[in-house]
Every structure is written in C-alpha cells, then in structure tokens.
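Student: Need coordinates for the following:
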Amino acid sequence: MPPEATATVETLPDVVRDPTLPDRVTIYEVGPRDGLQNEQALVPLATKAAFVRRLLEAGLPVVEATSLVHPRWVPQLADAADLVAALLADLGDRARDLPVLVPNERGLERALELGLRHVAVFGSATETFARRNLNRGLDEQFAMFAPTVARAREAGLEVRAYVSMCFGDPWEGRVPVAQVVEVGTRLFDLGASQLSLGDTIGVGTAGHVTALLGAFHEAGLPVERLAVHFHDTYGQALANAMAALRCGVTTFDASAGGLGGCPYARSATGNLATEDLVWLLTGLGVEHGVDLARLVETSVWMAGELGRPSPSAVVRALGAGAGTPG
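Tutor: Alright, predicted model coming up:
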C-alpha cells in the first residue's frame, strides 16, 4: 500500500459572488456509506473509521457513517455496529450525531440501542426499483416506513428520507415529475424532516432539476426541507447542482473523491464529488465551511487505500503528483 500523500491547494478559484444565490449551504457527506457500499473488496474497519474522522476534520458538517442493513444485502457494511462503536470510542458523544441509514424497524432498533440521533430511510420513486431494493411495491413501501419513521420521531430522532430514481429508472425509463412529488409528499406526511431527491443513474439535466424543484414548490413543500443527490454518470452533476442552487436548495449530498454507486442499479456510477462541489461553491462565494486542502488529502489517501485513482476532477488536479495511484 502506498504511503499517505499530502496534497496541497496552491490555487483557488476567483470569487465572483452572485447575490441571488444562498449565502451558505450544508454539504451532506455520504462517502463512508454511499461511497463505499458498492466496493467489492472489503474495506477494513479501521480505514472506515479513519475516513469518517478525516472528513469531519476537513470541516464537513454532516457525515453519514454507515447503514444498519442486514449484511446479506450490503456485505461491505456488515461491520456497521462495530464502526459506530469505534467512532463512539474515538469521537465521543459527537459520533451520536452521525447519520446512519436504517432500512426498517429492526435497523432503527439497532440505531436506538447505539444511542444515535439521526437516521435515514431509503425510498423509491418507481415500482420496479422499490421491488428490487426493498422487496416492496411503490405503495407498499410506505407501510414499511410508517412505523420506522413514527418510532424514530417519538424517540426524538431526526429522520431523513431518500427518494431514489427521481430523474430516470433503468427499467422503467422516464419518471413523471408528478409521481416523484407524490412519493416525496407521502414521506413528508409520514414525518420525515428532510427529503433527499436522488438522480440515482445520473440522467438528470439542469432543466429537469428546475422543473422537479418547481413542482415541489407548487405542492407546498418548502425548499428548505429538500436536498439533492446527484450522480455524475453523464457529467451533469455539477450543472445540476448549480440549477438546484439557483432554485434555493441549501443541502447538497456529495461523496469525497466521487466514490459511490448503487448495488441495485449497475448504471449508477459515482456520486457528485465533494471536492468538485466545494470548488464550485468557493468560486460563487457561497459559504460551506470545508477545508479543501484537507479534503483533497483525504481523498488522495482513500484512493491509495482502494488502489485506484479518484474520479474527482479537483482531486486529480490538486492531488497530481501527490501519490494518487495511476
């Protein structure tokens, strides 16, 4: 394994502030969960714990640590409880605020036993993906989520709801905007505090993003409670993030180094790279609180751990010659 490299940021973009954009956004880092879940080779527990810690040290305000899912479904995350225990030992009470994905009531029970304060459920905007991912139909998924969300809220936990396939489905093709809004509305009605709209296979475009967010606005769902989750399959993730920013979205999911995919949809390639998003936001004068140099360092290190280069353009540019495997 190559020695840890140090990446330094010698250049930052010129800041050209657009007063119509939000002053500040929250980056919701999904690398340790969504970024690693599809890795074929098992990543050591110590590496996962170090990854979470380094992301926090780089200033990421929210880092989703893992998923409390049955190991049969996502073998990479079979060590979820051990990871949480390691993070509690390392970070203390701060680790209880790290979000975890819970697929059902059993997952929530494990989160409650661990004393965690922030969970997420993962729904689908389409029938086919709901059956493949949840073994439930589009309507049936809500019956599964209802007791999980209700118990979590009764226990004082924050509950995020992901909605996958919001912009397209590899089996069903185009997904009607109205269908996505209906699914999102039903999740809000169950008690979700935030909704993350996912372009799981990366087919969305800026106009589509604007139309979907506009439809949620017309349905009376405030943009402050919406997040966006873009994949870069067709190179559109940053353009889509810009469109969402112009619509007033202030929470953006991203994955350090562009890691990630979806184990149930082969066409779902890497997530929007956190470094690429940070570069964009910095140039726009939108506050985010992330130390880009430390973040690049972390992704260069993780690329070495995984044995392959990072797909992030910013990591490639700023980490060049810093030990990134070629």
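Student: ok, R132 - how many residues close by?
Tutor: Other residues near R132 come to 14 when the count uses other C-beta atoms under 10 Å. The C-beta positions use only the backbone N, C-alpha and C, and glycine is treated the same way.
Student: Can you show me the strands along the stretch 101-250 of the chain?
Tutor: For the stretch 101-250 of the chain, the strands identified by DSSP state E, counting those that start in this stretch occupy 118-124, 158-164, 194-199, 226-230, in order along the chain.
Student: Would you reformat those as TSV and include distance to G304, mean pLDDT and mean neighbour count?
Tutor: Listed next are these as TSV, based on distance: least, C-beta to C-beta, whole Å; pLDDT from 0 to 100; neighbours: other C-beta atoms under 10 Å:
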stretch	distance to G304	mean pLDDT	mean neighbour count
strand 118-124	29	97	24
strand 158-164	30	97	23
strand 194-199	29	98	25
strand 226-230	26	98	25
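Student: Out of those, which is closest to A146?
Tutor: Within the strands of the stretch 101-250 of the chain, the stretch nearest A146 is strand 118-124; the backing value is 10.2 Å (C-beta to C-beta).
Student: which stretches of the stretch 151-300 of the chain have low pLDDT?
Tutor: Across the stretch 151-300 of the chain, the stretches falling below the confidence threshold (pLDDT under 70) are 261-269.
Student: all helices of it, in order?
Tutor: For the stretch 151-300 of the chain, applying DSSP state H, counting those that start in this stretch gives helices covering 177-190, 206-218, 237-246, 274-284, 292-306.
Student: Check which helices and strands the first one is in contact with.
Tutor: The criterion is 3 or more C-beta pairs under 8 Å, 6 or more residues apart in numbering; DSSP states H and E, and the helices and strands that helix 177-190 contacts are strand 118-124, helix 140-154, strand 158-164, strand 194-199, helix 206-218.
Student: With just CA atoms, put it into PDB.
Tutor: Output for helix 177-190, consisting of C-alpha atoms alone and laid out as PDB, is shown next (Å, rounded to 0.1, in the frame of the first residue of the first chain):
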ATOM      1  CA  VAL A 177     -42.400  14.600 -12.100                       C
ATOM      2  CA  ALA A 178     -45.800  14.300 -10.500                       C
ATOM      3  CA  GLN A 179     -45.000  10.800  -9.400                       C
ATOM      4  CA  VAL A 180     -41.800  11.900  -7.600                       C
ATOM      5  CA  VAL A 181     -43.700  14.700  -5.900                       C
ATOM      6  CA  GLU A 182     -46.400  12.300  -4.700                       C
ATOM      7  CA  VAL A 183     -43.800  10.000  -3.200                       C
ATOM      8  CA  GLY A 184     -42.000  12.800  -1.600                       C
ATOM      9  CA  THR A 185     -45.200  14.300  -0.200                       C
ATOM     10  CA  ARG A 186     -46.100  10.900   1.300                       C
ATOM     11  CA  LEU A 187     -42.700  10.600   3.000                       C
ATOM     12  CA  PHE A 188     -43.100  14.100   4.500                       C
ATOM     13  CA  ASP A 189     -46.600  13.200   5.700                       C
ATOM     14  CA  LEU A 190     -45.100  10.200   7.500                       C
END
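Student: re the thing from before, format the helices of the stretch 151-300 of the chain as JSON lines; extra columns: mean neighbour count and distance to A320.
Tutor: Conversion of the helices of the stretch 151-300 of the chain to JSON lines gives the following (neighbours: other C-beta atoms under 10 Å; distance: least, C-beta to C-beta, whole Å):
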{"stretch": "helix 177-190", "mean neighbour count": "19", "distance to A320": "39"}
{"stretch": "helix 206-218", "mean neighbour count": "17", "distance to A320": "29"}
{"stretch": "helix 237-246", "mean neighbour count": "21", "distance to A320": "20"}
{"stretch": "helix 274-284", "mean neighbour count": "23", "distance to A320": "13"}
{"stretch": "helix 292-306", "mean neighbour count": "24", "distance to A320": "10"}
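Student: Next, format these as JSON lines and append distance to H70.
Tutor: Formatted as JSON lines, the helices of the stretch 151-300 of the chain follow (distance: least, C-beta to C-beta, whole Å):
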{"stretch": "helix 177-190", "distance to H70": "22"}
{"stretch": "helix 206-218", "distance to H70": "32"}
{"stretch": "helix 237-246", "distance to H70": "30"}
{"stretch": "helix 274-284", "distance to H70": "28"}
{"stretch": "helix 292-306", "distance to H70": "24"}
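Student: Go through those helices and name the closest to E158.
Tutor: Across those, closest to E158 is helix 177-190 (C-beta to C-beta), at 13.7 Å.
Student: hmm, back to that, quick one, which of the helices and strands packed on helix 177-190 gets closest to V102.
Tutor: Distances from V102 to each of those were compared using C-beta to C-beta; the minimum, 4.7 Å, belongs to strand 118-124.
Student: Pull the residues that contact that closest one.
Tutor: Contacting residues not belonging to strand 118-124 are listed as 64, 97-103, 107-108, 111, 130, 133-134, 138, 141-142, 145, 148-149, 152, 157-165, 183, 187, 192, 196 [C-beta atoms under 8 Å, 6 or more residues apart in numbering].
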